[in-house]
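Novice: generate a structure from the sequence data that follows.
(one chain, ligands or ions: 1)
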Amino acid sequence: MIKYGKKVWSLLALLSLMLLAACGGTESGGDEEGATNGTVSGKFGVVTYLTGAGAAYGEAITNGFNLAAKEINAKGDVAIELIIEDSAGKQEQALTSGNKLMSDDSIVALLGPTLSTEFNVVAPEADMNGIAIMGTSTTAKGIPQIGDYVFRNSIPESLAIPAAMEKLLAKTNAKKVAIIYGNDDVFTKSGFDTMKEEAEKMGLEIVTIETFQKGQSDYNAQLTNIKSKNPDFILASALYNEGAVIMNQARKMGIEVPFLGGNGFNSPEVIEIAGEAADGLVVATPWFGEKDDPKVKAFNEKYQKEYGKLPDQFAAQAYDALYIYAEALKKAGGEDRDAFRDALAETKDFEGILGKFSFDEEGDVVMDPTVVEIKNGKFVVFE
Ligand code: 1QQ
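Specialist: Okay, the predicted model is just below:
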C-alpha cells in the first residue's frame, strides 16, 4: 500500500519535474551549461565511523564522499546532498543513525555504515524498509546476500585474503602459519574463516590460532605462543588500531616473519601507529595510489589539495561509490527509492578510480586486487 502510494506520488513528481524542466528550458535561454535544466536531485544518508579508535576509516570515507559530491554537483546534471551521521564504530549507534536516516522520506538511499559489524544490523532494517544501502568498506562474507536492497563496492575478504596468500606463498614457499584474529567483530571473524579455509586448502600447517578483543592493548600471551611455534608467516585478521599494535609488539619480541592481513590493514594508520614495525605486512587492495593511471593521479592531486594528505583505499572506495550512486540517481530520474534501487542494481562497467566496476547477480563485487606490502614505511607492490 505504502509503496504503491509512493509510486503514484513519484510519478506525479516526475511529471511536474518534466514540466518544470520544459518551462525552464525556454526561460533560461541556455546561457549556462545545463546548470538547472533537468537537474536530478537527491539526498543520501551516510552512516560512518567518525569518532573513536578507528575514526581514520570514517574520516577517509567522509572525505571521499564530500570530494565526489563537490565534483558531481559542480557538473550540474545531478545535485546531491549528503546527510552524515556518526556511528562511533558501534552497532547500537549505527542502528540509531541508520533508522533516523531511513525514516526521513526525503532520503533516497543510504551509504555505510563503515564496519561489517555495524552494517549487519543496519542493512536488514534498510532492506525491510525498501531503501537501498551500499557498503563502501564492508568486506565480511554475506553482506549483499542480506537482501535485494543491499549492495557493496568494497572487495570482500574472501577475495582479498586468498589473493595475498597466493602471492606470498609463491614467493616464500611457506609451510607453517599462525593465525591471530579478533573474535568479537563480524569482519575480523569473517577474515579468520577465510584465512583458515584458505590455509587448509593450500596445505599449510596451522600451528596455532590466537584470539583477541577490541581495544586490547597487551598481546604478550598470544605472541609468545606464536613465537614458540615458529610459523613462516602470521595471518592476522584485525582492524588497524589493534593490528598495528600487534605488529609493534611482535617486532619488539623478535618476531620477524611477514604478517598477512585483510582489508582492515589497508590504512596508512598502520604505519602511523606501528612505525618501522609495520614493515613486512602483506595485503591485497583494490586501491593502489602509485598506479600509473591518469584517473588515479588526478584523484590523488584533488584529494591532497582538499585535505592535505593522500587518499587511502577507504577514501577511494567512497569516492567511487558516490559516483555510482549519482549515476543511479540520474538513471532513476528522481527520488523514488525503488526506482533508485533498480537503477543501482543495473550498474555495469562503471569506470571509476578503482577500475571497471559491476555488481554480480547478488550485488557483490568482482574485481582484481593488487597485492602490496609495507617496505621502509611505505606501501609498495609486492613482487
Ligand atoms: C569491515 C571492514 C573494515 C576494515 C572497515 C573499516 O572491512 O568491517 O568489513
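Novice: where along this protein do the strands fall?
Specialist: 40-48, 78-86, 107-111, 132-135, 150-152, 176-182, 205-212, 233-237, 259-261, 281-285, 350-352, 355-357, 370-375, 378-381 (DSSP state E).
Novice: mind putting those strands into TSV with distance to Leu169?
Specialist: Backbone N, C-alpha and C define where each C-beta goes, glycine included. Formatted as TSV, these follow (distance: least, C-beta to C-beta, whole Å):
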stretch	distance to Leu169
strand 40-48	35
strand 78-86	40
strand 107-111	36
strand 132-135	29
strand 150-152	27
strand 176-182	10
strand 205-212	13
strand 233-237	9
strand 259-261	10
strand 281-285	11
strand 350-352	30
strand 355-357	25
strand 370-375	11
strand 378-381	17
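Novice: select, out of those strands, the one closest to the ligand.
Specialist: Of all the strands of the chain, it is strand 132-135 that lies closest to the ligand, at 7.3 Å by C-beta to the nearest ligand atom.
Novice: residues contacting Asp86?
Specialist: 48-51, 58, 93, 97 (C-beta atoms under 8 Å, 6 or more residues apart in numbering).
Novice: which member of the residues you listed is positioned nearest Leu310?
Specialist: Leu310 has its nearest neighbour among those in Gly58, at 17.3 Å by C-beta to C-beta.
Novice: how many neighbours does the closest one have?
Specialist: 28 (other C-beta atoms under 10 Å).
Novice: how about the contacts made by it?
Specialist: So Gly58 contacts 48-51, 86-87, 89, 114 (C-beta under 8 Å, 6+ apart).
Novice: one more time with 6 Å, if that's ok
Specialist: By C-beta atoms under 6 Å, 6 or more residues apart in numbering, Gly58 lies in contact with 48-50, 114.
Novice: that older thread, of the contacts of Asp86, keep whichever come out buried.
Specialist: Buried members of the contacts of Asp86, counted by 16 or more other C-beta atoms under 10 Å: 48-50, 58, 93, 97.
Novice: wait, what's in contact with Ala326?
Specialist: Applying C-beta under 6 Å, 6+ apart, we find Ala326 in contact with 72, 78.
Novice: the ligand contacts on the stretch 201-350 of the chain?
Specialist: Proximity of the stretch 201-350 of the chain to the ligand (C-beta under 6 Å from any ligand atom) is limited to residues 239, 263-264.
Novice: can you pick the most crowded of those?
Specialist: Most neighbours among those, by other C-beta under 10 Å: Asn263, with 32 neighbours.
Novice: can you name the residues that contact that residue?
Specialist: Neighbours of Asn263 in contact, by C-beta under 6 Å, 6+ apart: 139, 160.
Novice: next, give phi and psi for the most centrally placed residue in the chain.
Specialist: Centre of the chain computed as the mean C-alpha position; nearest residue by C-alpha atoms, centre = their mean is Ser137, 1.6 Å away. Ser137 has phi and psi values of phi -140, psi 10 when expressed as degrees, to the nearest 10.
Novice: in terms of residue numbering, what are the domains of the protein?
Specialist: Here the domain parsing of the chain from automatic domain parsing is 35-155+292-368, 158-285.
Novice: of all those, which one is nearest Val380?
Specialist: domain 158-285 (10.6 Å).
Novice: give the rounded mean pLDDT of the closest one.
Specialist: Mean pLDDT, domain 158-285: 97.
Novice: ditto for stretch 337-352
Specialist: pLDDT averaged over stretch 337-352 gives 96.
Novice: in the stretch 51-200 of the chain, where is pLDDT below threshold?
Specialist: For the stretch 51-200 of the chain, no stretch has pLDDT under 70.
Novice: kind regards, and thank you for your time.
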